[in-house]
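>>> this one's structure only:
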């Protein structure tokens, strides 16, 4: 089969790009199409493939300000000539699924999330911009929503990375989806022989990740907290953090591995579509204290691999941390690590191969 993988943009190696990497391993003959491509930021596995870009890649400062060109991306996708491909796999978070497949091609869309900035998180994004951008957003997002819904009919089968995302695909596109959880490279993490006296938070320091909530809670708890990550809230959080809280900013992978394996527990306060970070922590043998909503409900097992707090308030998080401290010896690193293996890259590839082969054979 001639196979094409369509991804929204290749400018870093985050969760969506890890899915592309796994698909590249499954289908080494596949070609890749994307809006913007920065080879300096992409893995060798992906770079081995033929990579084609839309006209967005040629626009000024596209590698840095690619999101500015979002209104042009539907038009750019529809200019791609994919008539020679038998199987097209689009990975959707930004515009990707809206390609025009040939009548004989089979189009599978792996959805990390319907575009959050035009759907469920639209009010948050609208509040975060100035007056001019706000007024521009209104007609642009209206147009993008109509395009997004209409292009769902160009997809033969949907896969989502969680049941949480599956619900949104059914709500916005009125289409059923199969859940195959995103791949996590669990073999890159291992438990430590001993842990240290600190809690850990890892992630981008943006508002919806709720690092502010964690800082407020640990200022009151006066327990040691290490935060790894960078973003727009870094300075604000640094100013409000007590002496017991260390903000390390960006850190290399080796430092992240070490902190995962030696922390008391990972704190995960936001709502994510899937959430790779909790699985990485569990692959390191460490429990997770997570807000009880979103993808974390599908990866963390209450009382076995972690605990949930029910409200995004400092008081609720403080109460859960104190409960965790009282039961900390009940958690087994070996049991936590074994659970994390259910989300490994090998299992992802096995499930994807089986689904694709079965679905195509039934056509």
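Alright, I've got the coordinates. Quick caveat: nothing in here was measured; it's all calculated off a predicted structure. Residues are numbered from 1 along each chain as shown.
>>> which stretches of the stretch 201-350 of the chain form strands?
225-228, 245-249, 266-268, 288-291, 306-309 (DSSP state E, counting those that start in this stretch).
>>> can you map out the helices along the stretch 151-300 of the chain?
Under the criterion DSSP state H, counting those that start in this stretch, the stretch 151-300 of the chain contains helices at 163-173, 211-221, 234-240, 253-262, 276-283, 296-299.
>>> how about stretch 53-72: buried residues?
By 16 or more other CB atoms under 10 Å, the buried positions in stretch 53-72 come out as 53, 54, 56, 57, 59, 62, 66, 69, 70. From N, CA and C alone the C-beta is placed, and that goes for glycine too.
>>> which of the residues you listed lies closest to residue 266?
Lowest distance from residue 266 to the buried residues of stretch 53-72 (CB to CB) belongs to residue 66, with 30.5 Å.
>>> from residue 149, how far out is the residue lying closest to the closest one once chain neighbours are set aside?
Among residues not flanking residue 66 along the chain, residue 36 sits closest, at 4.4 Å (CB to CB, 6 or more residues apart in numbering). Relative to residue 149, residue 36 is positioned 24 Å away (CB to CB, to the nearest Å).
>>> the more surrounded of those two?
Neighbours were counted for residue 36 and for residue 149 using other CB atoms under 10 Å; residue 36 has more, 23 against 13.
>>> and that one, what does it touch?
By CB atoms under 8 Å, 6 or more residues apart in numbering, residue 36 lies in contact with 9, 10, 11, 53, 56, 57, 62, 63, 66.
>>> closest one of those to residue 80?
Of all those, residue 80 sits closest to residue 53, with 9.8 Å by CB to CB.
>>> bridging residues for that closest one?
residue 34 (DSSP bridges).
>>> my guess is it contacts residue 38. True?
No - under the criterion of CB atoms under 8 Å, residue 53 makes no contact with residue 38, lying 10.4 Å away.
>>> burial measure for residue 187, as a count.
11.
>>> check contacts around it.
Per CB under 8 Å, 6+ apart, neighbours of residue 187: 344, 345.
>>> do the same with the one 3 residues further on
Residue 190 makes contact with 261, 283, 284, 285, 337, according to CB under 8 Å, 6+ apart.
>>> could you find the closest non-adjacent residue to the last one?
Among residues not flanking residue 337 along the chain, residue 285 sits closest, at 4.7 Å (CB to CB, 6+ apart).
>>> these two touch, right, that neighbour and residue 339?
No - if you go by CB under 8 Å, residue 285 and residue 339 don't touch, sitting 10.3 Å apart.
>>> quick one: which of those two has more around it?
residue 285 (23 against 19).
>>> got the contact list for that one?
Here residue 285 is in contact with 190, 191, 192, 261, 333, 334, 336, 337 (CB under 8 Å, 6+ apart).
>>> wouldn't the last one be in contact with residue 282 here?
Yes - Residue 337 is in contact with residue 282 according to CB under 8 Å; the separation is 6.9 Å.
>>> these two: who's more crowded?
For the pair residue 337 and residue 282, the greater number of neighbours falls to residue 282 (32 against 19), based on other CB under 10 Å.
>>> that one reaches residue 338, doesn't it?
No - counting by CB under 8 Å, residue 282 stays clear of residue 338, with 9.3 Å between them.
>>> please name the nearest non-neighbouring residue to residue 246.
Residue 246 sits nearest to residue 226 (CB to CB, 6+ apart), 5.0 Å away.
>>> may I see the buried residues of the helix or strand of the chain with the lowest mean pLDDT?
Least confident helix or strand of the chain, by mean pLDDT, DSSP states H and E, is helix 122-127 with a mean of 81. Residues of helix 122-127 classed as buried under the neighbour-count rule (16+ other CB under 10 Å) are 122, 125.
>>> what of stretch 196-216?
Buried, per 16+ other CB under 10 Å, within stretch 196-216: 198-203, 205, 209-216.
>>> let me know the closest of those residues to residue 302.
Among these, and counting by CB to CB, the member closest to residue 302 is residue 199, at 18.2 Å.
>>> quick one, grab the pLDDT at that closest one.
What the model reports for residue 199 is a pLDDT of 97.
>>> quick one on the thing from earlier: could you single out the nearest of the buried residues of stretch 196-216 to residue 85?
Distances from residue 85 to these, taken by CB to CB, are shortest for residue 203, at 35.8 Å.
>>> wait, the closest one touches residue 214, no?
No - shown here, residue 203 and residue 214 do not form a contact pair, counting by CB under 8 Å, at 10.2 Å.
>>> confirm for me that residue 110 is in contact with residue 88.
No - look at residue 110 against residue 88 with CB under 8 Å: they stay out of range, at 11.3 Å.
>>> that older thread, now, which of the contacts of residue 190 sits nearest residue 116?
Closest to residue 116 out of the contacts of residue 190 is residue 283 (26.3 Å), distances taken as CB to CB.
>>> so what's the residue count around the closest one?
Other residues near residue 283 come to 27 when the count uses other CB under 10 Å.
>>> can you tell me how far residue 318 sits from residue 223?
For residue 318 relative to residue 223 (CB to CB), the value is 10 Å.
>>> just residue 269 next, same as before
For residue 269, the distance to residue 223 equals 15 Å [CB to CB].
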